[in-house]
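K.L.:
model the following, please.
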Amino acid sequence: MVRRIARLKLVIGSLLVMLLAAVPLALAQDGGALPDMIVAEREGFFPEGIEYDEQGGRYLLSSLAEGTIFTVTDDGMITPFITEEELMSSVGIHIDRERSRLLVANTDRAVTEGGASNIMLMAYDLVSGNRLFAADLMAVAPEGRHFANDVTVDAEGNAYVTDSFSPVIYRVDVDGNASVFAQDERFASAQFGLNGIDYHPNGYLIAAKASDGALFKIPVDDPQNITQVELDIPVTGADGIIFHPDGSLIVVGSPQTVFSVSSSDDWATASVVEQVTLAQPATTAAIRDGEVYALFAHLNQMGSETPPAAFEIVRVPLAQNDGAGETADSEPAVG
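P.N.:
So this is what the prediction gives:
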């Protein structure tokens, strides 16, 4: 009898541990406390882009190494979502919520090692993952090297794609027809030029230039009228950018820094109001319930003999998320 009671206690204890472990995930899924960090375990897939799918309750990650688009849930479960041969290296991704689409900047990263350029914009149904179109950006690209990096969409469903190796932004309409939207020597760089891009509901794009930390404002109805946003300090190493629901612009930059940038004159000028130092370099960020989540892509380990086995999605402790609204340099985020 004593042994039976002991075994029963052991079973009950194990069940309690399992239930307690599930509490944080259940809270997050039910709209409670959100996780500070999610770990996706898949060796060497090197995610570069991230979006949060509110309807699906999942993160979407791109993959520089595989091209495949993956889903990741709060418990770290990683599942291939979109897999096809034409996905070479998936870079920036963007959810077009109005049309339930996922847009993917698709690049042959062999160009970084002297290979030929090959860039595309892919569009997929957000629920089924079925392909809607594949727009060949090389058909309209100027001469030179090309690297399709990031993508956003305007109110009419037109997509805009940055090119990091040529001073160009491409436009792709809802039917997949591509054209050169804007071309300007101010976008040019001997290193990585244009990187992150996002659309403002007032009818313009903000594009970030990685090499010098500049931001550019480009009206969608007047792409010749390009202006550089006058910043109080450069957003160094600007990579991914995303507008926060409060109107600020979140810029993932370097060294290991997330900037919160604010403007009071419709992005003619802007100021960095907060900087958070991350534990590791990040590529970009997603917004979930007003919280900012950065992606640790471990790109410095690409090509190594021992690629990382896991990649982290980390909540960025911005003061604006806590209602503090203070300008501060925060402690390093976990990771």
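
K.L.:
now E291, what are its backbone angles?
P.N.:
phi -90, psi 150 (degrees, to the nearest 10).

K.L.:
hey, what's it bridged with?
P.N.:
Applying DSSP bridges to E291 gives these bridge partners: R288.

K.L.:
so how many other residues sit close to the closest residue to P223 other than its chain neighbours?
P.N.:
Computed as C-beta to C-beta, 6 or more residues apart in numbering, the closest residue to P223 that is not its neighbour in sequence is A182, at 4.2 Å. For every residue, glycine as well, the C-beta is placed using N, CA and C. Neighbour count for A182, taken as other C-beta atoms under 10 Å: 23.

K.L.:
backbone phi and psi for A182, please?
P.N.:
Dihedral angles (degrees, to the nearest 10) for A182: phi -150, psi 140.

K.L.:
so for it, what's the pLDDT?
P.N.:
pLDDT for A182: 98.

K.L.:
list the contacts of it.
P.N.:
V168, I169, I218, P223, Q224, I226 (C-beta atoms under 8 Å, 6 or more residues apart in numbering).

K.L.:
wait, doesn't the last one sit right on Q183?
P.N.:
No - with the criterion set as C-beta atoms under 8 Å, I226 and Q183 do not qualify as a contacting pair; they are 9.7 Å apart.

K.L.:
low-scoring stretches of the stretch 51-200 of the chain, by residue?
P.N.:
Along the stretch 51-200 of the chain, no part satisfies pLDDT under 70.

K.L.:
weed out the non-buried ones from the contacts of A182.
P.N.:
Neighbour counting with 16 or more other C-beta atoms under 10 Å marks V168, I169, I218, P223, I226 as buried within the contacts of A182.

K.L.:
give the partner strands of the lengthiest strand in the chain in its sheet and their orientations.
P.N.:
Secondary structure assigned by DSSP state E gives strand 269-278 as the longest strand of the chain. The pairing partners recorded for strand 269-278 under DSSP bridges are strand 230-231 (parallel), strand 257-262 (antiparallel), strand 329-333 (parallel).

K.L.:
where among these is average confidence lowest?
P.N.:
strand 329-333 (a mean of 49).

K.L.:
ok, now which ones touch the nearest residue to P80 once chain neighbours are set aside?
P.N.:
Among residues not flanking P80 along the chain, T68 sits closest, at 5.2 Å (C-beta to C-beta, 6+ apart). Counting by C-beta under 8 Å, 6+ apart, T68 touches F45, P80, F81, I82, T83, L87, S90.

K.L.:
ok, T68 to A141 distance?
P.N.:
Remark: distance between T68 and A141 (C-beta to C-beta, to the nearest Å) = 25 Å.

K.L.:
what do you get for N130?
P.N.:
For N130, the distance to A141 - C-beta to C-beta - is 27 Å.

K.L.:
still on that earlier bit, now find how far off-centre the longest strand of the chain is within its chain.
P.N.:
18 Å (C-alpha atoms, centre = their mean, to the nearest Å).

K.L.:
quick one: average pLDDT of that strand?
P.N.:
Here the average pLDDT along strand 269-278 is 97.

K.L.:
pull out the buried positions in it.
P.N.:
Quick answer for strand 269-278 (16+ other C-beta under 10 Å): A270, V272, V273, E274, Q275, V276, L278.

K.L.:
could the buried ones among the contacts of A182 go into a markdown table alongside secondary structure and distance to H146?
P.N.:
Output for those, formatted as a markdown table (DSSP: H, G, I helix; E, B strand; the rest coil; distance: C-beta to C-beta, whole Å):
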| residue | secondary structure | distance to H146 |
| --- | --- | --- |
| V168 | strand | 8 |
| I169 | strand | 12 |
| I218 | strand | 19 |
| P223 | coil | 19 |
| I226 | coil | 20 |
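
K.L.:
thinking again about what came up before, out of N130 and A141, which sits in the more crowded spot?
P.N.:
A141 (20 against 9).

K.L.:
quick one: residues contacting the more buried one.
P.N.:
S117, I119, D163, S166, V168, Y170, V180.

K.L.:
same question for S211.
P.N.:
S189, A190, Q191, F192, G193.

K.L.:
swap in 6 Å and give it another go.
P.N.:
S189, Q191, F192 (C-beta atoms under 6 Å, 6 or more residues apart in numbering).

K.L.:
alright, that wraps it up for me.
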